[in-house]
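> Here is my input, please return the structure:
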Amino acid sequence: TMLVTFNPKTLTATAFSIPRDTYVGSASVDGKINSIYMYKYQDKVVKKVEELTGVEIQHYVIFDAKILRSLVNEIGGVTVDVPINMDYDDPDQNLYIHLRKGTQKLTGAQAEQFVRFRKNNNGTGYSNGDIGRIAAQHQFIKAMVSEVLKPENIGKIGNLVKIVLDGTKTDITSDIIEEYMNDVVTFKSDRMRIETMPGVGRYDKGPDGLTRSFFFIDEAEAKKLIQELFYTSIDDENASESGDSTS
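Alright, predicted model coming up:
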């Protein structure tokens, strides 16, 4: 789950990841936020994210992996540094991940493997589990944004928008996209900040009485970070750092 905001006045964007194992109590069958998606209750996901963050959500997008593949292929691939060898097979999900360590340009299918990887068949993988996967996803998002904004890809933004609107479940319309098209074209990748909900993972009992691994939010740290991310613009931060007291 990712909460994203764009400020057309400052041309800044913020993305805030909420780990899939985040504890939400009886809001889902097993106590995890990810399980709400299983039943396609997008309204409940939106309300729960609003409750966890205190940020009012205007629109939602339910993103499918096949859309990611199409987007990446449309721009000719995305270059990332794969941190480790990745080998994982899950026939039940029709998921087969096989990537070698090192910097490389990923195709759409490889990009899906990269962002979905969590552990290898032998149990090795990211030492911090899903938080490691989220960090890899953040790396990929930044790389993809940079790729989209290259001169040779700017002209493809219309096609990218069509891929998203045609292939996802969303309440965003083409008219809304049109309002921000000029801003997207002039956006700079260094104006985007991506963070993860602060907290800690541990085993505990879910609402059904079964013990599972959950991610518990550090509410005090989360409140401070959300204030900084969603109520303080990058321009405000730069002004503060330079000693500019203009209000």
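> which secondary element of the protein has the worst mean pLDDT?
Among the helices and strands of the chain, helix 234-242 carries the lowest confidence by mean pLDDT, DSSP states H and E, at a mean of 43.
> low pLDDT regions in this structure?
38-41, 233-247 (pLDDT under 70).
> how about the helices of it, start to end?
Here the chain has its helices, by DSSP state H, at 34-38, 42-53, 65-74, 108-116, 130-148, 151-154, 157-167, 174-186, 219-231, 234-242.
> Among the ones you listed, which comes closest to V80?
helix 130-148 (5.0 Å; C-beta to C-beta). Heads up, the C-betas are built off the backbone N, CA and C, glycines and all.
> Dump the C-alpha coordinates for the closest one into CSV.
The C-alpha trace of helix 130-148 is given here as CSV (Å, rounded to 0.1, in the frame of the first residue of the first chain):
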residue,chain,number,x,y,z
ASP,A,130,9.3,-7.0,3.5
ILE,A,131,11.1,-3.7,4.5
GLY,A,132,13.9,-4.8,2.3
ARG,A,133,11.5,-5.4,-0.6
ILE,A,134,9.9,-2.0,0.0
ALA,A,135,13.4,-0.4,-0.2
ALA,A,136,13.9,-2.1,-3.5
GLN,A,137,10.5,-0.9,-4.8
HIS,A,138,11.5,2.6,-3.8
GLN,A,139,14.7,2.3,-5.8
PHE,A,140,12.7,1.0,-8.8
ILE,A,141,10.2,3.8,-8.6
LYS,A,142,12.9,6.5,-8.6
ALA,A,143,14.6,4.8,-11.5
MET,A,144,11.4,4.5,-13.5
VAL,A,145,10.5,8.1,-12.9
SER,A,146,13.9,9.2,-14.2
GLU,A,147,13.5,7.0,-17.2
VAL,A,148,10.0,8.3,-18.0
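> From here on, call the first residue 511.
Fine by me, first position is 511 from now on; the one you just mentioned is helix 640-658.
> For that helix, enumerate the helices and strands it packs against.
For helix 640-658, the elements it packs on are strand 522-527, strand 588-592, helix 618-626, strand 702-706, judged by 3 or more C-beta pairs under 8 Å, 6 or more residues apart in numbering; DSSP states H and E.
> chain center to that helix: distance?
Distance of helix 640-658 from its chain centroid, counting by C-alpha atoms, centre = their mean, to the nearest Å, is 8 Å.
> Identify all contacting residues around it.
Residues lying outside helix 640-658 but in contact with it, judged by C-beta atoms under 8 Å, 6 or more residues apart in numbering, are 525, 527, 529-531, 581-582, 585-591, 593, 621, 624-628, 635-636, 663-664, 666-667, 670, 699, 702, 704, 706, 711, 725.
> do you know how far the residue nearest to P708 when sequence neighbours are not counted is from I682?
Of all residues not flanking P708 in the chain, E731 sits nearest, at 4.0 Å (C-beta to C-beta, 6 or more residues apart in numbering). Going from E731 to I682 by C-beta to C-beta, to the nearest Å gives 31 Å.
> Of those two, give the one with the bigger neighbour count.
The neighbour comparison of E731 against I682 (other C-beta atoms under 10 Å) goes to I682, with 15 against 12.
> Spit out the contact partners of that one.
For I682, the contacting residues are 569, 571, 675, by C-beta under 8 Å, 6+ apart.
> separation between it and I572?
Remark: distance between I682 and I572 (C-beta to C-beta) = 11 Å.
> Also V565?
18 Å.
> again with Y547
Separation of Y547 from I572 (C-beta to C-beta): 8 Å.
> out of the two, which sits in the busier spot?
For Y547 and I572, the more surrounded residue by other C-beta under 10 Å is Y547, and the numbers stand at 16 against 12.
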